[in-house]
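A.B. asks: Make a model of this:
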Amino acid sequence: MSNILEMKGIEKAFFGVTVLDKVDFSVRQGEVHALLGENGAGKSTLMNILAGVYTRDGGEVVFDGNPLVNTTVQKSESAGIAFVHQEINVFNDLKVYENIFMRKEIAKFGVLNKRAMIKQSRELFERLGVDIEPTDLVATFDTAKKQLLEIAKALFVNAKLIILDEPTTALSNEQIEHLFSIVNHLKNDEGVSFIFISHKMNEIFEIADRYTVLRNGVMVGTGDIADTDPESVTRLMVGSSYSAADVYSTRELGEEVLRLEHLSGEGFRDVNLSVRRGEVVGMTGLKGAGVSETMQAVFGAVPATSGKIFIEGKEIDIHNIHKAMTHKVAMVAANRKENSVVPDMSILENNYIAEHTISSAKQPVIIKRREIKRYNERKEQLSIKANSYNDLITSLSGGNQQKVILARWLNTEADILLLDNPTQGIDVGAKAEIYKLILKLAEEGKTILVNTLEIPEVQKVADRCIVFYHGTIKKVLERGDINEETVMLHATNAIREEN
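C.D. replies: Numbers count the residues shown, from 1 in each chain. Take a look at the predicted model:
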């Protein structure tokens, strides 16, 4: 099978720091090639060079038999390369068909042919089996539907090579299966090639044919997926420091810190839960089961329509986020781009913004020297890979942005931490660091609720597992009973029993 893409000796440096060091990377015609590595390993830089976002300092790129020289985004797209970014790039204020035909509008004598564009959009969605109406406003879509729209946009231009950067982050299991069926159809029946970037090993071994691993800007391994295993690939990504051992440790739990009584709101109902000081509670269920909505209500981000919230034994009326913060509740929200990252602020400013919000009345002046010292401590604690604290937070990889957000909330010295998919878009090495940090914080007396769709994550950190189904708690599992089969049986209501 011939190569549709060959990148040889690719070099790139930023401000004198080498980020790609003579990297070789190739993709065959009609294959799914997994590009792997920790955050900051150079994956995004390599793909941005291929897509024409960055210029390379050295090396050569040959695509479909033709050298790519002085590559721009437009040249890359014209050659047949489509990039579906991890951070969703759709126009919320436009309709679906307008997003698809952006810069490709059908017009005659200067008049847009809306009927033709809507018709072609509908045919595309029918071909893909995607339930999207071309005339819908994108602003009404949830994150998962926007992701499917992004993928449809890439397929619309009949790309020969599609780069999928963490495409499943916001998708449910059913949507992931649908996406993979589309990928396999395009690969097997139409010869489309894919570069698949993901930190989820189960997905990599399900969908990919080959893999390439980058570490610190160097290609450290490549081969067929059939000839390796997840632990071997992970060792290549992380290096000799990787350990597959569980990080969970028992600890003595304190008194009750948080109690929910019959809490209900949009997306969740009649939630009863008691959590103790120093306890880590894993919360899971199928996407849309109500876990995230429950967390948001406790944090004051969405209203609870009925029920009560008790903190330290006292009933608290948490009607907004500031109220929650004053009662030492913090939340790392899902979808950091829309809910957490302030893109026009520096890393340092993003780091201290939450703490300053609740302390500004007592200390209205920001003491930059103190903030720099605290940031450097968090940077070391969380292994944040960044150049200068003055750089925009958007200069960081997705995983390092997430670490800065976690550091932001640690700065508030909150006692109750609500972590909504905290390892979303984070590589395996960084995940292990987050797991250890969660347990360390619990050891220090923090009360932590973790929402995740990945059951192995629950097993690594949780004392208990709360399984949601259709907006309410279906089952509470003690640590010894937590396994993927049992959780899924309750998450799908396959076991009909009362708690």
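A.B. asks: what helix or strand does the nearest residue to residue 319 once chain neighbours are set aside sit in?
C.D. replies: Nearest residue to residue 319 in three dimensions, chain neighbours excluded: residue 300, at 6.2 Å (Cβ to Cβ, 6 or more residues apart in numbering). Placement of C-beta: from N, CA and C, glycine included. Under the criterion DSSP states H and E, no helix or strand holds residue 300.
A.B. asks: How many residues are close by residue 300?
C.D. replies: Neighbour count for residue 300, taken as other Cβ atoms under 10 Å: 22.
A.B. asks: measure it to residue 365 for me?
C.D. replies: Taking Cβ to Cβ, to the nearest Å as the measure, residue 300 and residue 365 are separated by 27 Å.
A.B. asks: Check residue 334 too.
C.D. replies: As defined by Cβ to Cβ, residue 334 lies at a distance of 33 Å from residue 365.
A.B. asks: Same drill for those two, tell me which one is more crowded.
C.D. replies: residue 334 (21 against 7).
A.B. asks: show me the residues around the more buried one that make contact.
C.D. replies: Residue 334 makes contact with 292, 420-421, 424, 451 under the criterion Cβ atoms under 8 Å, 6 or more residues apart in numbering.
A.B. asks: Helices - which of those residues land there?
C.D. replies: Taking DSSP state H as the definition of helices, these contribute residue 292.
A.B. asks: Which of the contacts of residue 334 fall in strands?
C.D. replies: Judged by DSSP state E, these include 420, 451 as members of strands.
A.B. asks: which of the contacts of residue 334 sit farthest apart?
C.D. replies: 292 and 424 (11.6 Å; Cβ to Cβ).
A.B. asks: Who has more neighbours out of those two?
C.D. replies: When residue 292 and residue 424 are compared for neighbours, residue 292 comes out ahead with 24 against 21, by other Cβ under 10 Å.
A.B. asks: so that one makes contact with residue 451?
C.D. replies: Yes. Contact status for residue 292 versus residue 451: in contact at 5.9 Å, counting by Cβ atoms under 8 Å.
A.B. asks: So for these two, which residues contact both of them?
C.D. replies: If you check residue 292 and residue 451 against Cβ under 8 Å, 6+ apart, the residues they both contact are 334, 420-421.
A.B. asks: Dihedrals phi and psi, the residue nearest to residue 411 when sequence neighbours are not counted?
C.D. replies: If the residues on either side of it in the chain are set aside, residue 411 comes closest to residue 355, at 4.2 Å by Cβ to Cβ, 6+ apart. Main-chain torsions, residue 355, degrees, to the nearest 10: phi -60, psi -40.
A.B. asks: Show me the shaky parts of the stretch 251-400 of the chain.
C.D. replies: The stretch 251-400 of the chain contains residues with pLDDT under 70 at 337, 358-364.
A.B. asks: any chance you could map the helices in it?
C.D. replies: When secondary structure is read from DSSP state H, counting those that start in this stretch, the stretch 251-400 of the chain shows helices at 291-298, 321-326, 336-339, 347-359, 368-382, 398-410.
A.B. asks: Using CSV, write out every CA atom in the third one.
C.D. replies: Taking only C-alpha atoms (Å, rounded to 0.1, in the frame of the first residue of the first chain), the coordinates of helix 336-339 have been written out as CSV:
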residue,chain,number,x,y,z
ARG,A,336,-12.7,24.4,28.9
LYS,A,337,-12.9,26.5,25.7
GLU,A,338,-16.4,27.7,26.3
ASN,A,339,-16.6,27.6,30.1
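A.B. asks: Mark out where each domain of the chain begins and ends.
C.D. replies: The domain map for the chain lists 3-238, 256-491, with the assignment taken from automatic domain parsing.
A.B. asks: With distance to residue 249 added, can I get these in a markdown table?
C.D. replies: A markdown table is the format used below for the domains of the chain (distance: least, Cβ to Cβ, whole Å):
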| stretch | distance to residue 249 |
| --- | --- |
| domain 3-238 | 21 |
| domain 256-491 | 6 |
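A.B. asks: measure the closest residue to residue 274 other than its chain neighbours to residue 115 for me?
C.D. replies: In space, not counting the residues next to it along the chain, residue 274 is nearest to residue 259; the distance is 4.8 Å by Cβ to Cβ, 6+ apart. Going from residue 259 to residue 115 by Cβ to Cβ gives 57 Å.
A.B. asks: And those two? Which one has more around it.
C.D. replies: Regarding residue 259 and residue 115, a neighbour count based on other Cβ under 10 Å identifies residue 259 as having more, with 18 against 9.
A.B. asks: who's that one bridged to?
C.D. replies: For residue 259, the beta-bridge partners are residue 274, residue 310 (DSSP bridges).
A.B. asks: Around the closest residue to residue 228 other than its chain neighbours, how many other residues sit close by?
C.D. replies: Using Cβ to Cβ, 6+ apart and skipping the chain neighbours, the partner closest in space to residue 228 is residue 211 (7.2 Å). By other Cβ under 10 Å, 22 other residues sit near residue 211.
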